[in-house]
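Novice: fold the following, please.
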Amino acid sequence: MTRRARLRISFAMAGVVILNLFQSAVAQLAYETNNGAITITGYSGSGPNVTIPPTFNGYPVTTIGNAAFGGNRSVTRVTIPNSITNIGAFAFAASGLVGISIPGSVIGIGYDAFVSCDNLANISVTATNPAYSSSNGVLFDKAMDSLIQYPIALTNNSYTVPAGVGTISDDAFYGAPALASVVLPRSVASIGNDAFAYCVALNAVYFAGNAPGVGSYAFYETGFGGGIIAYYLPGTTGWTQFSSAIGSSLAASNFWYQANPQIISSGPNFGVQKGQFGFLISWATNATLIVDACTSVSNPIWLPISTNSVAATNGTAAFADAQWSIFPTRFYRIRTASSPFEYSTSLGAITITGYTGASASVSIPATINGYPITGIGNTAFANDANLKSVTIPGSVTNIGDFAFEGSGLTSVNIPASVISLGQSVFALCNSLTNISVDINNPAYSGSSGVLFDKAGSTLVQYPAGLTGSSYTIPNGVRKIGDRAFYGTSSLSSITIPGTVTAIGDNEFTYCIALTTVYFGGNAPSVGSFAFYETGFGGGVTVNYLPGTAGWPAFIADLGQSLAGSLFWYLPSPQIMSHAPSFGVHNNQFGFTISWATNATVIVESCTNLANPVWLPISTNTLTSMVGTASFNDPQFSVYLRRYYRLR
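Specialist: All right, here's what the predicted structure looks like:
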């Protein structure tokens, strides 16, 4: 029977004979009287706040019956008196509850009493209650052995079930929309029917112990229909049966390497065997671990007694101590060698946050402690002048703001895995001469040592150590990112194509030798301090094509960073292919011709580029004031197609 079918049946059961009605200004409560006690069976008021009285007509109100408030979306809060001892099955299921407080008198809560309450964010239990408890809004039995109900309006995208919980009850997390990951302690031995069904965002479940028993449809419709990935510790057991039990709800299963090596204290490897005390160590494949021992934990003297290599196939190493019986007491610990990398761990992934080593050539590993390294954090290697080269593994997907700024890097290769680069990652690397990008990278590309986005529409970083005195930005680039050329000392001139429409903040700041900038199109927008301290403090000379637009505003934005502005005459005349002069006006096709002042330019046309016959149709003299001439063709509509050239 499906979860939804069970709910429909339970609400049908609520159609009992209503014997009496409480009438008050606050609520209309239907009830039954049995053996001198009252059971609430329904509610016909409009809510939203309902207060159940402790007595009526001298009888104590002891029970909230099955489905009494079930499906009632108007009810948002119910005050339960200390006379109530039992809450029936589906009592508040699919209601509008936003929070509920369970008094110390309640010793029985029926099946799915709070299931599918889409707005329920908190279940609290009075501390003196002998049967139930709550933690962070979640309902448990008193001993916290069973997790009964997770309020599905909680906005957490991850949740760690408390250690000691042995059972996840039926429907406990049913329909929680925000949950993306759950961590289950090794104490969990059973997951009930539909326990995580319709947790649509749930795609990662971390198991710290052996595989628990699992009920039907426990992970139904998780992972946006793709199921969950089950992460489990190397050396734990039962995963073949578990995977089979959840079937199509399993997207994949992977080893889960915790931050530190674990002693597996269950199964056949733990304890005394053949006169030796032993256990199984679970951790990262291929890791090397040292087992230390001491005889007193109050004044410990730890001595290394074993070095163990974790097997690549199953992530475990077997340890056995043949000397254990010599000592009256013997304690063990596991440790690893120290790492030069500072890092943080979150949801099974590591971000490098710093480097304390002295090597000029750094190779970042793909894993630390078995966790994949997926990020290089903000300023992780910033200002490390000793750093000359770095190898970034294929596990890294993100590099943070200023990660290598001001470092001694001379070259760097960005692997295909990196899909996000922060602000000014390689700025002020004065020795950096080459940024290369794996050809399979989906987000970035490199050309002549310069870093671009994949489409080549944004220039991300020009290596400050390049020694060329001039650079031509490739045609097609639309934006020059913030600080892309910041502090490049060798550049004296740069050519910016007509496709560029935006120049970022601090773009050419402290490019001290930069004196000349050539623009191939209209004036782009320009960010703050874009040309600050250029031209040895005198600013830049802006060279622009006759007939292009926007220069008064651009020059005003540059302010004191402008040394001067001049026409820039290209070797050949140019057709300005932008508005307003380009296109059809007054039934004539026209455009602006840009070139040298007082020059004479002839416009020719043809009707077939495969076998062209070019004929002169206009002679134009470019004005001495602006270096342009306007051309219009009143005959263009006579032809099916017409092509133009200048000479």
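
Novice: pLDDT weak spots in the stretch 201-350 of the chain?
Specialist: Along the stretch 201-350 of the chain, segments meeting pLDDT under 70 span 259, 266-267, 285-286, 312, 337-339.

Novice: break down it into its strands, ranges please.
Specialist: According to DSSP state E, counting those that start in this stretch, the stretch 201-350 of the chain carries its strands in the segments 204-207, 213-214, 228-232, 250-255, 262-264, 271-273, 276-282, 288-294, 303-309, 316-321, 331-335, 341-346, 349-355.

Novice: as a markdown table, the ones you listed with mean neighbour count would be great.
Specialist: From N, CA and C alone the C-beta is placed, and that goes for glycine too. As requested, those are arranged in a markdown table below (neighbours: other CB atoms under 10 Å):
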| stretch | mean neighbour count |
| --- | --- |
| strand 204-207 | 22 |
| strand 213-214 | 18 |
| strand 228-232 | 21 |
| strand 250-255 | 16 |
| strand 262-264 | 19 |
| strand 271-273 | 11 |
| strand 276-282 | 20 |
| strand 288-294 | 17 |
| strand 303-309 | 13 |
| strand 316-321 | 19 |
| strand 331-335 | 15 |
| strand 341-346 | 14 |
| strand 349-355 | 20 |
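
Novice: to residue 154, which of those strands lies closest?
Specialist: strand 204-207 (17.0 Å; CB to CB).

Novice: what helices or strands is the closest one leaning on?
Specialist: When contacts are defined as 3 or more CB pairs under 8 Å, 6 or more residues apart in numbering; DSSP states H and E, strand 204-207 packs onto strand 181-184, strand 228-232.

Novice: which residues sit against that strand?
Specialist: Taking contacts as CB atoms under 8 Å, 6 or more residues apart in numbering, the residues outside strand 204-207 that touch it are 180-184, 186, 188, 196, 219, 228-233, 236, 256, 347-348.

Novice: ok, now with 6 Å
Specialist: Residues outside strand 204-207 that contact it (CB atoms under 6 Å, 6 or more residues apart in numbering): 181, 182, 183, 184, 228, 229, 230, 231, 232, 256.

Novice: what count of nearby residues applies to the second one?
Specialist: What that stands for is residue 182. Look at residue 182: counted by other CB atoms under 10 Å, it has 22 neighbours.

Novice: and if you look at the third one?
Specialist: Counted with other CB under 10 Å, the neighbours of residue 183 add up to 17.

Novice: kindly report the same for the fourth one.
Specialist: Residues lying near residue 184 (other CB under 10 Å) number 21.

Novice: and it, what are its bridge partners?
Specialist: Note on residue 184: beta-bridge partners by DSSP bridges are residue 207.

Novice: residue 160 is in contact with that one, correct?
Specialist: No - between residue 184 and residue 160 there is no contact under CB atoms under 6 Å: 8.4 Å.

Novice: let's have the strands of the stretch 201-350 of the chain in CSV, adding distance to residue 138.
Specialist: Output for the strands of the stretch 201-350 of the chain, formatted as CSV (distance: least, CB to CB, whole Å):
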stretch, distance to residue 138
strand 204-207, 17
strand 213-214, 20
strand 228-232, 20
strand 250-255, 25
strand 262-264, 26
strand 271-273, 35
strand 276-282, 28
strand 288-294, 36
strand 303-309, 39
strand 316-321, 33
strand 331-335, 33
strand 341-346, 22
strand 349-355, 26
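
Novice: who's the spatially most central residue of the chain bridged to?
Specialist: Closest to where the C-alpha atoms of the chain average out (CA atoms, centre = their mean) is residue 398, at 9.9 Å. Beta bridges link residue 398 to residue 375, residue 420, judged by DSSP bridges.

Novice: strands along the stretch 401-550 of the chain, start to end?
Specialist: With strands called from DSSP E, counting those that start in this stretch, the stretch 401-550 of the chain shows them at 411-414, 420-421, 434-437, 444-447, 450-453, 458-461, 470-472, 479-480, 493-496, 502-503, 516-519, 525-526, 540-544.

Novice: quick one: low-confidence residue ranges for the stretch 1-150 of the chain.
Specialist: In the stretch 1-150 of the chain (pLDDT under 70), the answer is 1-27.

Novice: recalculate using a threshold of 90.
Specialist: Within the stretch 1-150 of the chain, the segments meeting pLDDT under 90 span 1-28, 44-47, 57.

Novice: quick one: the strands in it?
Specialist: Assigned by DSSP E, counting those that start in this stretch, the strands in the stretch 1-150 of the chain fall at 20-23, 28-34, 37-43, 49-51, 55-56, 59-64, 77-79, 86-87, 99-102, 108-109, 122-125, 132-135, 138-141, 146-149.

Novice: restricting to C-alpha, output the last one in CSV.
Specialist: This means strand 146-149. The C-alpha atoms that make up strand 146-149 are tabulated as CSV, following Å, rounded to 0.1, in the frame of the first residue of the first chain:
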residue,chain,number,x,y,z
SER,A,146,14.0,6.4,17.9
LEU,A,147,13.7,9.5,15.7
ILE,A,148,9.9,9.8,15.3
GLN,A,149,9.3,13.0,13.3
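
Novice: which elements pack onto whichever helix or strand comes after it?
Specialist: As assigned by DSSP states H and E, the chain's next helix or strand after strand 146-149 is strand 158-160. Judged by 3 or more CB pairs under 6 Å, 6 or more residues apart in numbering; DSSP states H and E, the packing partners of strand 158-160 are strand 181-184.

Novice: run through the neighbouring helices and strands of the strand it packs on.
Specialist: strand 158-160, strand 204-207.

Novice: need the ones you listed in TSV with distance to residue 360, can you?
Specialist: Shown next, in TSV, are these (distance: least, CB to CB, whole Å):
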stretch	distance to residue 360
strand 158-160	39
strand 204-207	38
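
Novice: out of those, which is closest to residue 88?
Specialist: strand 158-160 (27.3 Å).

Novice: direction included, what does that closest one pair against?
Specialist: With DSSP bridges as the test, strand 158-160 is paired with strand 181-184 (parallel).

Novice: returning to what we had before: got JSON lines for the strands of the stretch 1-150 of the chain, with mean neighbour count too?
Specialist: Shown next, in JSON lines, are the strands of the stretch 1-150 of the chain (neighbours: other CB under 10 Å):
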{"stretch": "strand 20-23", "mean neighbour count": "14"}
{"stretch": "strand 28-34", "mean neighbour count": "18"}
{"stretch": "strand 37-43", "mean neighbour count": "22"}
{"stretch": "strand 49-51", "mean neighbour count": "15"}
{"stretch": "strand 55-56", "mean neighbour count": "14"}
{"stretch": "strand 59-64", "mean neighbour count": "21"}
{"stretch": "strand 77-79", "mean neighbour count": "18"}
{"stretch": "strand 86-87", "mean neighbour count": "20"}
{"stretch": "strand 99-102", "mean neighbour count": "19"}
{"stretch": "strand 108-109", "mean neighbour count": "18"}
{"stretch": "strand 122-125", "mean neighbour count": "19"}
{"stretch": "strand 132-135", "mean neighbour count": "19"}
{"stretch": "strand 138-141", "mean neighbour count": "22"}
{"stretch": "strand 146-149", "mean neighbour count": "23"}
